[in-house]
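**Q** Let's see this in three dimensions:
(2 chains)
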Amino acid sequence: MEQLSQLLLAFIVFLSLYLLGSSSLTGCIKIVALQGMCLGVLPLTIHAEGFHPRALLLAAGMFVLKGIVIPRILKYAIREVKIRRELEPIVGYAPSLLLGAALVGVSFVLAERLPVPAGLRTSLLIPISLATVMMGMLMMISRIKAVTQVIGYLVFENGIYLFGLAISYEVPWLIEMGVLLDVFVAVFVMGIVIDHIARAFDSISTEKMTRLND
Amino acid sequence: METLKFIASYLTIVLLAPPVMLGIINKTKAAVAGRKGPPVLQPLHDTIKLLGKGAVYSETTTWMFRLGPVVSLAAVIAAASLVPLAGAPLVSFNGDAILFAYLFALGRFVTVTAALDTGSSFEGMGASREVAFSSLAEPALILAFAGLAYRAGEFSLVRMFAPHGGLNSAASTILALGSLFVVLLAENSRIPVDDPNTHLELTMIHEVMVLDHGGPDLAFILHGAGLKLVLMAGLLVRLILPELPMLGSAGSLLLGLAAAAVLIGLVESSMARLRLVRVPQLLVAAICAATFGLILTLR
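**A** Predicted coordinates:
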């Protein structure tokens, strides 16, 4: 189980790196969906006693929401936008990949210094959650299209979820549901906003929003 | 007697495995495309035919041009003596992984200088592309080697590429494997980095550098390229495949090589060559994967 969770965590970082280097919008949405599914399965592999109904229910909720529903909303949001690619990001793809790798290194160093409970010192959860958070932030600030920024936000949130998974052995049910609902609403609103931006400006590039429009 | 047998099997692998592996790749691609394809031994016949021919040298070339194929083949053969092909390598010492990487670099250097020596701008373009891409492939190779060496506790190819037990280090092994596989595709100019079948096309990388070589020189280059593929694939095979009891070490390696050839053939028939501007991105991704694998092992 321990090995399986390590593999999953490595895969999650790999997916975040892939997102940093990928230009296709639909491809990005698929990858973030896959990452959400991995996150849904992850708690079951971490806690050995993870098979009681509550954990299963949470995992299923996470899986369905982050792996299926949110990607659907995003796809719906970009259905009328003709641009399928993020063409000119502020930071190019190869540099942002290298930056991502550097961030992974930084987060491993940071995690060693962090005063965490002794049991977590050897776990990969903390460094990988930090890395995912930072890569999500990098994606949010370095991309121009609104959809890719939303995807960055989702990656960011996935990182926070990982961190929560590390520090609280069993997240209270209510908080977990609340967080999931928050993310859901946020993405829902962003999807509507993207749709409106696309209608008003004929593009989802956030750079154009600094100009006046009637 | 044992030593004789060992050296004989080593020589057989060095001489015969490259053309056969190329033949299997071509056969796989033909099978996927629904063709019959050339016989598996066709590359071997080509090499023998080329060896029997005379060579034509352009008047603008100097000794550099003639040096290229010989030195590049010699460098790859020297690298072959470090790789455990028949159970154990001919030579092994702590740090031979670095020598391995630099022998490849030496071979590339002489090929590039020979290409520049022709004075053809077309070959110069190929040379600059080859150098640009290999400057990205090399860090990935070295980083992946570093991760494996840290785990093995020794910088020698035999220890680094011994099959490691169980799932204990599965994540870092997979990352190292992935980045080394991309390096293998890039170093041996296979799809998606380069297309070995295109000639006289403006996007090709490796083939353009060897256009002016003919006869035995071309045979040396072709055999050297095939041997390079065998060496890298052989290392990867050793990392995954434990020794199969009934086949012996050389036998299981050959089986693994055949499987790797089929895998490369499948990769080549399932995807198109990447656009030239996307190739560095792929190699940077390999660097990232290798770095992440190194970080995972360092913990």
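
**Q** Can you tell me the SS state at B:Ala55?
**A** Of the three states, B:Ala55 takes coil under DSSP: H, G, I helix; E, B strand; the rest coil.

**Q** Count the neighbours of it for me.
**A** 14 (other Cβ atoms under 10 Å in any protein chain shown). The C-beta positions use only the backbone N, C-alpha and C, and glycine is treated the same way.

**Q** same thing with B:Met1?
**A** 5.

**Q** Then A:Pro95?
**A** Counted by other Cβ under 10 Å, the residues lying close to A:Pro95 total 13.

**Q** what sits against the most centrally placed residue in chain A?
**A** Ranked by distance to the mean C-alpha position of chain A (Cα atoms, centre = their mean), the top residue is A:Val155 at 1.5 Å. The contact partners of A:Val155, by Cβ atoms under 8 Å, 6 or more residues apart in numbering or on different chains, come to A:Ser16, A:Leu19, A:Val32, A:Gln35, A:Thr132, A:Met135, A:Gly136, A:Met139.

**Q** Quick check: which helices or strands does the helix or strand bottoming out on mean pLDDT in chain A pack against?
**A** Lowest by mean pLDDT, DSSP states H and E among the helices and strands of chain A is helix A:173-201, with a mean of 74. Here helix A:173-201 touches helix A:53-64, helix A:70-77, helix A:146-167, going by 3 or more Cβ pairs under 8 Å, 6 or more residues apart in numbering or on different chains; DSSP states H and E.

**Q** Give me the buried stretch members for the second one, please.
**A** Within helix A:70-77, the residues that qualify as buried by neighbour count (16 or more other Cβ atoms under 10 Å in any protein chain shown) are A:Ile70, A:Pro71, A:Ile73, A:Leu74, A:Lys75, A:Ala77.

**Q** ok, so of those residues, who is nearest chain B?
**A** In terms of Cβ to the nearest Cβ, no member of those lies closer to chain B than A:Pro71, at 22.7 Å.

**Q** Run through the residues that contact the closest residue to that closest one other than its chain neighbours.
**A** Among residues not flanking A:Pro71 along the chain, A:Ala33 sits closest, at 3.8 Å (Cβ to Cβ, 6 or more residues apart in numbering or on different chains). Going by Cβ under 8 Å, 6+ apart, A:Ala33 touches A:Lys66, A:Gly67, A:Ile68, A:Ile70, A:Pro71.

**Q** Can you tell me the SS state at A:Ala33?
**A** Classification of A:Ala33 using three-state DSSP returns helix.

**Q** same question, B:Thr198
**A** With three-state DSSP as the criterion, B:Thr198 reads coil.

**Q** how many other residues sit next to it?
**A** Number of residues near B:Thr198 (other Cβ under 10 Å) recorded here: 15.

**Q** Test my guess that it contacts B:Glu207.
**A** Yes: the pair B:Thr198 / B:Glu207 is scored as a contact, 6.8 Å apart, by Cβ atoms under 8 Å.

**Q** which of the helices and strands packed on helix A:173-201 is buried the deepest?
**A** Comparing these on average neighbours per residue, with mean count of other Cβ atoms under 10 Å in any protein chain shown, the densest one is helix A:146-167 at a mean of 22.

**Q** then it to PDB, C-alphas only?
**A** Extracted in PDB, the C-alpha atoms of helix A:146-167 (Å, rounded to 0.1, in the frame of the first residue of the first chain):
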ATOM      1  CA  ALA A 146      -8.700  32.100 -18.600                       C
ATOM      2  CA  VAL A 147      -9.200  28.300 -18.900                       C
ATOM      3  CA  THR A 148      -5.600  27.500 -18.200                       C
ATOM      4  CA  GLN A 149      -5.700  29.800 -15.200                       C
ATOM      5  CA  VAL A 150      -8.700  27.900 -13.900                       C
ATOM      6  CA  ILE A 151      -6.800  24.700 -14.400                       C
ATOM      7  CA  GLY A 152      -3.800  26.200 -12.500                       C
ATOM      8  CA  TYR A 153      -6.300  27.000  -9.700                       C
ATOM      9  CA  LEU A 154      -7.400  23.400  -9.700                       C
ATOM     10  CA  VAL A 155      -3.900  22.100  -9.500                       C
ATOM     11  CA  PHE A 156      -3.300  24.500  -6.700                       C
ATOM     12  CA  GLU A 157      -6.300  23.300  -4.800                       C
ATOM     13  CA  ASN A 158      -5.200  19.700  -5.400                       C
ATOM     14  CA  GLY A 159      -2.000  20.500  -3.600                       C
ATOM     15  CA  ILE A 160      -3.800  22.000  -0.700                       C
ATOM     16  CA  TYR A 161      -5.900  18.800  -0.500                       C
ATOM     17  CA  LEU A 162      -2.700  16.800  -0.400                       C
ATOM     18  CA  PHE A 163      -1.300  18.900   2.400                       C
ATOM     19  CA  GLY A 164      -4.600  18.500   4.300                       C
ATOM     20  CA  LEU A 165      -4.300  14.700   3.800                       C
ATOM     21  CA  ALA A 166      -0.800  14.800   5.300                       C
ATOM     22  CA  ILE A 167      -1.500  16.800   8.400                       C
END
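
**Q** All set, thanks.
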